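> this is a predicted model, with the sequence first.
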Amino acid sequence: MRRIGSTLTTLAAAGVLALAVPGSAFSANGFLAIDGVRHDDPRGCFEIARLSTVLNFTDTPALVHNVPGCAGGVVQVIPPGLAVQVPGTHSIFIG
């Protein structure tokens, strides 16, 4: 009986941990298009090397950073369903 109780406790703990995974670990639903290149269910950082048109057709806001690598400050937020032009030498984080 003790062994069954221990097994159930372990399974319950695993279930709680599975439900506690933060939402940021998952991709955005939809697609992000940068100069006509479609990225389905995007996640992570995308480089913008030149003036680009970005369409955010996901369920998550896209954050425009003022330097490559998504390391600089956020200079613009692209809400879901919006298209904007982003200057070169910028980057976009979504996820």
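Happy to help now that I have it. As the structure is a prediction and not an experimental result, all values here were calculated from the model.

> the strands in this structure, which residues?
30-34, 37-40, 44-48, 52-58, 62-65, 74-78, 82-86, 90-94 (DSSP state E).

> what sits closest to the spatially most central residue of the chain if chain neighbours are left out?
Nearest to the mean C-alpha position of the chain, by Cα atoms, centre = their mean, lies G95 at 0.5 Å. Leaving aside its sequence neighbours, G95 sits nearest to R43 (Cβ to Cβ, 6 or more residues apart in numbering; 3.8 Å). C-beta here means a position set from N, CA and C on the backbone, and glycine is covered the same way.

> pull the contacting residues for the one you found.
F26, S27, A28, I94, G95 (Cβ atoms under 8 Å, 6 or more residues apart in numbering).

> hang on, the earlier thing: so what pLDDT did the residue nearest to the centre of the chain get?
Confidence at G95, expressed as pLDDT, is 88.

> same check on S27?
80.

> does it really touch G95, like I thought?
Yes: at 6.2 Å, S27 counts as touching G95 under the criterion of Cβ atoms under 8 Å.

> appreciated, that's everything.
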